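>>> got a predicted model here, sequence first, then my questions.
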Number of protein chains: 2
Amino acid sequence: MKEKIKVHVADDHMILIEGIIAMLNTDSEIEVVGHSLTGLQVVEWFKTNKADILVLDINMPELDGIEVLKRFNKKALRQKIIMLSSYDDVKLVQELTTYGADGFISKTSAGEHIVKAIKSVQSGIPYFSDDIKEGLFNLAIGQNVAEGNRPDATPEDASLISELTDREIEVLKLVASEYSTPEIADQLLISTNTVETYRKKLLKKLKVKNAVGLAMFAVKHRMI
Amino acid sequence: MKEKIKVHVADDHMILIEGIIAMLNTDSEIEVVGHSLTGLQVVEWFKTNKADILVLDINMPELDGIEVLKRFNKKALRQKIIMLSSYDDVKLVQELTTYGADGFISKTSAGEHIVKAIKSVQSGIPYFSDDIKEGLFNLAIGQNVAEGNRPDATPEDASLISELTDREIEVLKLVASEYSTPEIADQLLISTNTVETYRKKLLKKLKVKNAVGLAMFAVKHRMI
DNA sequence: GCCAGACTCACCGAAAACGGTGAGTCATAT
DNA sequence: ATATGACTCACCGTTTTCGGTGAGTCTGGC
């Protein structure tokens, strides 16, 4: 009897986890050996356990799926990782693959794709769901037409959070909560000038144009 | 043999739908008779079909779950509706119940709650998952402490989208995409003054303070 | 001890956002 | 025909945001 493929599922929605587990359990070659609701739980779990494949949601509280991916990549663990995306974040795919993601499926695709992805990835073949592929294609087309071959094609950008200081993150959260600079200064008991400084640093670091961009970043990474 | 409870499931994530269906099918008293990926699909489906219970996600493209709820409420159809929330939007619960929602569960709760909710609601008892109850409680506490009995406790606020004009929605989407007023004016081929007018109308209508508030609204309602 | 980095603040100017008011066209419905 | 609402634009002033530059303290690490 063949050894089953051991899978760990991580997503902050318990319902989704249960759904995926129910689906995977119908396949005799796959065995779900664990699950996590936050990025930290994933990291903790893998300290004392092992799985062949980690199905990892990008959007999770505490520790971003992207962050988790990076950590595992640094530590050079051997389990394969399939990323799960809520909002078809095609632009991230390229960077995420450089961090060691072996597969990529969007939640809008059907569940059978997870089974396919797991089997494909387990046998060493990267898997991308059709809509992700299409998105990548469109992105490539658009890029070629719009900007040709760019000099510095932002290799990071996936997880800039780690580059932010504590104070910057505080300010970022408040900006994303609709507070103005004077209001933020009041709350943090610092000068408006200082808050301005943080805002500008954030704009640069996160490569966005304005407060809306900051807010969107915060949302994307579940900081609020 | 007893008649099964007919359920229709609506959510924009196919994986989640499949998960829920798989879960519900394990219960012999429940039968899933249809599913939809968008609000419009839900409305269309119910034109020619019927179900006892509609499990309805709040966040869906095309037509908001809240909008769908309102429409069904107006038309006074008799199926019960259980709302599904991604982000524990406790503040909506009160308003949604006035629109005829019979139950409320957050996706972060376990899947068995759906089965419980369906059976409870089918027998006429409204169902709220524990975390929603807790949230409502905290909200009540917080409100009483913080603001006492407010004069006008914003009865709407749940679905303000329907009050927005097409042009306003266009501008809203662009604001939420980090575009500045001049840039939006360029794209829509109208004056910056006009764009400013729309921005101000949006701020009033959506009751937010600034561009970040507009962006957050757009995100919350999946307009981008 | 020295350096890097985090945190703090200031001053400058330009651009954008916000708040209010008024007003014109056009289509639709009553 | 008239009234309503969507769409458009203008002008006013104030506040906020953004961009750049410089500089002080304090802490932790080498």
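Structure received.

>>> got a pLDDT number for the residue nearest to the spatial centre of chain A?
By C-alpha atoms, centre = their mean, chain A has its centre lying nearest to A:Ile58, at 2.9 Å. Confidence at A:Ile58, expressed as pLDDT, is 78.

>>> could you do A:Pro155 as well?
In this prediction, A:Pro155 carries a pLDDT score of 37.

>>> relative to DNA strand C, how far out is the closest residue to chain B within chain A?
Residue nearest to chain B within chain A: A:Gly19 (1.5 Å; C-beta to the nearest C-beta). Bear in mind the C-beta positions are built from the backbone N, C-alpha and C, glycine included. Relative to DNA strand C, A:Gly19 is positioned 40 Å away (C-beta to the nearest atom of the strand, to the nearest Å).

>>> quick one: contacts of stretch A:168-186?
A:161, A:164, A:187-188, A:191-192, A:194-196, A:198-199, A:201-202, A:205, A:211, A:214-215, A:217-219, A:223-224, B:208-210, B:212-213, B:216 (C-beta atoms under 8 Å, 6 or more residues apart in numbering or on different chains).

>>> and that stretch, how far apart are its ends?
End-to-end distance for stretch A:168-186, by C-alpha to C-alpha, to the nearest Å: 16 Å.

>>> can you give the distance of it from its chain's centre?
The chain centroid and the centroid of stretch A:168-186 are separated by 24 Å under C-alpha atoms, centre = their mean, to the nearest Å.

>>> can you tell if it touches DNA strand D?
Yes. Against DNA strand D, stretch A:168-186 shows contacts by C-beta under 7 Å from any atom of the strand at A:Ser180, A:Thr181, A:Pro182.

>>> quick one: average confidence on the one helix or strand the last one maps to?
With elements delineated by DSSP states H and E, A:Pro182 resides in helix A:181-188, which encompasses its position. Here helix A:181-188 scores 92 as its mean pLDDT.

>>> that older thread, any of the contacts of stretch A:168-186 buried? List them.
Those of these that meet the buried threshold are A:161, A:164, A:195, A:198-199, A:201-202, A:205, A:211, A:214-215, A:217-219, A:223, B:208, B:210, B:212-213, B:216, by 16 or more other C-beta atoms under 10 Å in any protein chain shown.

>>> surely the residue of chain A closest to chain B is in a strand?
No. Remark: A:Gly19 does not belong to a strand; assigned using DSSP: H, G, I helix; E, B strand; the rest coil, it is helix.

>>> what residues does the residue nearest to it when sequence neighbours are not counted make contact with?
Closest residue in space to A:Gly19, ignoring its immediate chain neighbours: B:Gly19 at 1.5 Å, by C-beta to C-beta, 6 or more residues apart in numbering or on different chains. Applying C-beta under 8 Å, 6+ apart to B:Gly19 gives the contacts A:Ile15, A:Leu16, A:Glu18, A:Gly19, A:Ile20, A:Ala22, A:Met23, A:Gly111, B:Gly111.

>>> low-confidence bits of chain A, can you list those?
A:1-2, A:61-64, A:73-78, A:86-100, A:110, A:130-160, A:162, A:222 (pLDDT under 70).
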